[in-house]
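[1] Got a predicted model here, sequence first, then my questions.
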Amino acid sequence: MTQALRFVLIQLSAIVLSATIVGLVRWPAIIWAVLVAGMSFMASLRWHDGKWWRYIHLVFPFVVLLALFLPVDPLWYLAALVLSWMLFGGVLRNRVPLYLSNTQALERLAEQVPQGARLLDLGAGTGTVLAWFVYHRPDVQADGIEFSWLPWLFGRLRLARSSAGWLHGDAFAADLAAYDVVYAYLSPEPMSLLWEKAQKEMRPGSLLISNSFDIPNAPPARVCDIGDWKGSRLLVWKI
Ligand SMILES: C[S@@+](CC[C@H](N)C(=O)[O-])C[C@H]1O[C@@H](n2cnc3c(N)ncnc32)[C@H](O)[C@@H]1O
């Protein structure tokens, strides 16, 4: 069951239980929110694997309550939903959200990329990696592929006048054979599949580099500390 579905189920059960209790004794809405937050927090300790979900459960009922009291036109909520869908809709499909490589990660990545190499950013977000390489490492031919429409469009505009290749589509349908370096900043979810694909398609001697996420049962050839506040690492596999 996906994390999002778990979230909905936990919140709904907590709402039904709390509504029953509050309905019986007619407490004010804030008590309702405290009950839902408490119950869903407790349930998420067991049902969700990431710690952050607990705090989302804890805060969510209060945010809903606040939103109900604010004089905001409901169309704004619809607009926010559509915008979130365009930015993060892909998460429901593959559990890879949008977050961007920071400058330290890009500097460490550049140290691994040979002179004149062809680089592919798999799941290229808004084109941050490519824009950095175009500016700092013009010797590298950098391409990127992204399937969420809004980040892709942003990247399209950002890279319009550059030599970077900017593709829209599924990274797992891209052919990796032409690349000397494939960079992936995804999530734990697709890493095994990526490893299978890299082994099938990438040329011997080429590099697969993951920002932060390991491949189960495939120890990397090198690990470089990025040196940021998250303690992130670049993991490098030589094919
Ligand atoms: C964590 S972001 C990394 C963005 C960029 N590579 C960077 O380092 O700044 C991951 C991106 O991969 C995209 N993505 C995930 N799975 C994908 C797939 N199968 N095909 C194309 N894009 C994908 C997501 O939409 C998201 O924008």
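    Received the coordinates, thanks. Numbering: from 1, shown residues only.

[2] Provide a list of residues in contact with the residue in the chain positioned nearest to the ligand.
    Nearest residue of the chain to the ligand (C-beta to the nearest ligand atom) works out as Gly123 at 2.3 Å. Quick note: C-beta positions are derived from backbone N, CA and C, even for glycine. Listed by C-beta atoms under 8 Å, 6 or more residues apart in numbering, the contact partners of Gly123 are Val96, Ile145, Glu146, Phe147, Ala171, Ala184, Tyr185, Leu186.

[3] And the ligand, is the helix or strand of the chain with the lowest mean pLDDT touching that?
    Lowest on mean pLDDT, DSSP states H and E among the helices and strands of the chain sits helix 90-94, with a mean of 71. Yes: shown here: helix 90-94 in contact with the ligand (C-beta under 6 Å from any ligand atom) through Gly90, Asn94.

[4] Counting residues, which helix of the protein comes out longest?
    helix 3-25 (DSSP state H).

[5] What lies in contact with that helix?
    27, 31-32, 35-37, 39-40, 43-44, 47-50, 53, 56-57, 60-61, 91-92, 95.

[6] buried stuff in it?
    Arg6, Phe7, Ile10, Gln11, Ala14, Ile15, Ser18, Val22 (16 or more other C-beta atoms under 10 Å).

[7] Which secondary structure state does the residue most central in space within the chain sit in?
    By C-alpha atoms, centre = their mean, the chain has its centre lying nearest to Pro97, at 2.0 Å. Here Pro97 is coil, with the state taken from DSSP: H, G, I helix; E, B strand; the rest coil.

[8] Contact partners for it?
    Pro97 neighbours (C-beta under 8 Å, 6+ apart): Phe88, Val91, Ser187.

[9] The chain against the ligand: which residues are in contact?
    90, 94, 96, 98-101, 121, 123-125, 128-129, 145-148, 151, 170-172, 185-186.

[10] Of the residues you listed, which belong to helices?
    Per DSSP H, the residues of the chain next to the ligand map to helices at Gly90, Asn94, Thr128, Val129, Pro151.

[11] Mind giving me the packing neighbours of the helix or strand hosting Met42?
    According to DSSP states H and E, Met42 maps onto helix 29-47. Using 3 or more C-beta pairs under 8 Å, 6 or more residues apart in numbering; DSSP states H and E as the contact criterion, the elements in contact with helix 29-47 are helix 3-25, helix 51-69.

[12] Redo these as a markdown table? Include mean pLDDT and distance to Lys238.
    Converted to a markdown table, the helices and strands packed on helix 29-47 look like this (pLDDT from 0 to 100; distance: least, C-beta to C-beta, whole Å):
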| stretch | mean pLDDT | distance to Lys238 |
| --- | --- | --- |
| helix 3-25 | 79 | 33 |
| helix 51-69 | 88 | 34 |
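
[13] Tell me which of those helices sits nearest to Leu234.
    Leu234 lies closest to helix 51-69 among the helices and strands packed on helix 29-47, at 23.4 Å (C-beta to C-beta).

[14] Show me what secondary structure element comes after the closest one.
    helix 74-88.

[15] Which segments of the protein make up each domain?
    3-71, 103-238 (automatic domain parsing).

[16] Straight-line length of the first one, end to end?
    Distance between the boundary residues of domain 3-71 (C-alpha to C-alpha, to the nearest Å) amounts to 31 Å.

[17] Stretch 61-80: how far from the chain's middle?
    Stretch 61-80 sits 25 Å away from the centroid of its parent chain (C-alpha atoms, centre = their mean, to the nearest Å).
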